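> here is the input, now give the coordinates:
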Amino acid sequence: MSSFLQKRPTPNPFTKPYALSPRFSSALQRPISIFTRSGLIILLCLLVFLGVLLPWMGLPQFMFQNTAASLSKWRDYTLAEAVSFVAKNGTVIVCAVSQPYLPFLNNWLISIARQRHQEKVLVIAEDYATLYKVNEKWPGHAVLVPPAPDSQTAHKFGSQGFFNFTSRRPRHLLHILELGYNVMYNDVDMVWLGDPFPYLEGKHDVYFTDDMAAVKPLNHLHDLPPPGKKGRTYICSCMIFLRPTDGAKLVMKKWIEKLRSQPWSRAQKANDQPAFNWALNKTVGQVDLYLLPQAAFPTGGLYFKNQTWVQETKGMHVIIHNNYITGFEKKIKRFREFGLWLVDDHVLESPLGKL
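Next up is the predicted model:
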């Protein structure tokens with residue numbers, strides 16, 4: 001028996017052990033036309049499979065979620081409807097995002113979810129791709145206020161695209177105030193290390209942070225700081241909390257007014273922040289303004305560049321802003337270096353999951 005097995009020829013895996021007849025083989029090589037009887041039967045079976053079996057198996061939500069009807073629903077979704085849906089205890093947290101910044105949105109959301117405030121977040125999408133993607137993953141938490149600006153690329157600070165993108169911000173905030181809600185605005189290149197709401201003490205109209213990197217005393221005043229070297233204050237327009245008061249609405253209206261009077265030009269290369277500072281200075285005495293503590297809300301020029309101060313104020317930091325640096329990749333690199341790029345290892349903590 002062993003000698004018989006040794007003499008058996010080794011089968012060649014590249015030969016066809018069961019050759020087809022020439023007639024059958026040529027039939028297989030002929031394409032099937034949908035206009036023949038066989039083609040029509042196959043097409044009918046395919047339609048029955050897609051129309052009957054897939055719904056029964058529960059797959060259409062996965063395969064057909066971006067149908068014309070669902071896209072139209074989000075296209076017609078209004079800011080008033082969206083704020084009403086997400087607001088909790090009369091408060092909403094908003095950001096404005098275009099598609100290139102979706103990774104930053106996810107990173108920011110992870111940090112907010114850790115403070116259990118994610119359900120009051122509303123993403124103001126600045127393009128339809130962002131609107132559909134966020135609502136696909138997290139229905140109802142994104143809205144687009146038309147017209148959508150051209151924001152398919154990550155605009156560089158100081159560019160016209162950046163100005164067009166950020167200059168819409170006060171109009172969105174004013175609309176939310178007129179609907180009667182408290183609103184917190186954040187840029188998405190921020191990370192929450194703590195809960196900011198306990199710091200919004202009192203009943204002030206407008207709360208904001210100083211963008212200057214100079215160290216303040218821990219018990220610094222909470223009034224609008226005096227003007228700097230350029231004759232104006234340097235308040236950041238990237239972290240603002242507003243109550244729906246006449247004072248807060250007045251600041252938003254002045255901000256809008258200044259932006260309209262100073263459109264972007266190659267010479268000016270304006271952004272929205274000087275106009276915000278102008279509005280604050282114009283309304284001093286009319287509006288109850290409140291400067292948030294520097295130790296809790298440091299600018300990037302302080303947090304990322306003064307490690308002595310960071311150690312002295314350890315445990316006090318609440319929201320970190322990754323500014324004082326430009327460039328998409330540079331911001332990610334710096335977040336990673338400081339252990340603040342959370343999407344690498346904690347993406348499932350975001351309401352959006354993995355994008």
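
> quick one: His175 is in a strand?
No. Judged by DSSP: H, G, I helix; E, B strand; the rest coil, His175 forms no part of a strand; its state is helix.

> you'd agree Gly180 is in a helix?
No. Under three-state DSSP, Gly180 falls outside any helix and is assigned coil.

> contacting residues for Arg336?
Applying CB atoms under 8 Å, 6 or more residues apart in numbering to Arg336 gives the contacts Asp344. No exception for glycine: its C-beta is placed from N, CA and C like everyone else's.

> so what's the backbone phi/psi at it?
Phi and psi for Arg336, reported as degrees, to the nearest 10, are phi -60, psi -40.

> now it: how far from Lys330?
11 Å (CB to CB, to the nearest Å).

> again with Gly300
11 Å.

> compare the two (neighbour count), which wins?
Legend: neighbour count by other CB atoms under 10 Å for Gly300 and Lys330, higher for Gly300 (21 against 11).

> strands of the stretch 251-355 of the chain, residue ranges please.
289-291, 319-321 (DSSP state E, counting those that start in this stretch).

> now the first one: average pLDDT?
So the one you mean is strand 289-291. Mean per-residue pLDDT for strand 289-291: 98.

> what about it, distance to the chain center?
Relative to its chain's centre, strand 289-291 lies at 27 Å (CA atoms, centre = their mean, to the nearest Å).

> partner strands of it and their direction?
Neighbouring strands of strand 289-291 in its sheet, by DSSP bridges, are strand 206-210 (parallel).

> equivalent analysis for the last one, please.
Taking DSSP bridges as the criterion, strand 319-321 pairs within the sheet with strand 190-192 (antiparallel).

> list the helices and strands the longest helix anywhere in the chain packs on?
In the chain, with assignment by DSSP state H, the single longest helix is helix 246-261. Secondary-structure packing of helix 246-261 (3 or more CB pairs under 8 Å, 6 or more residues apart in numbering; DSSP states H and E): helix 169-178, strand 206-210, strand 235-242, helix 272-282.

> repeat that with 6 Å
helix 169-178, helix 272-282 (3 or more CB pairs under 6 Å, 6 or more residues apart in numbering; DSSP states H and E).
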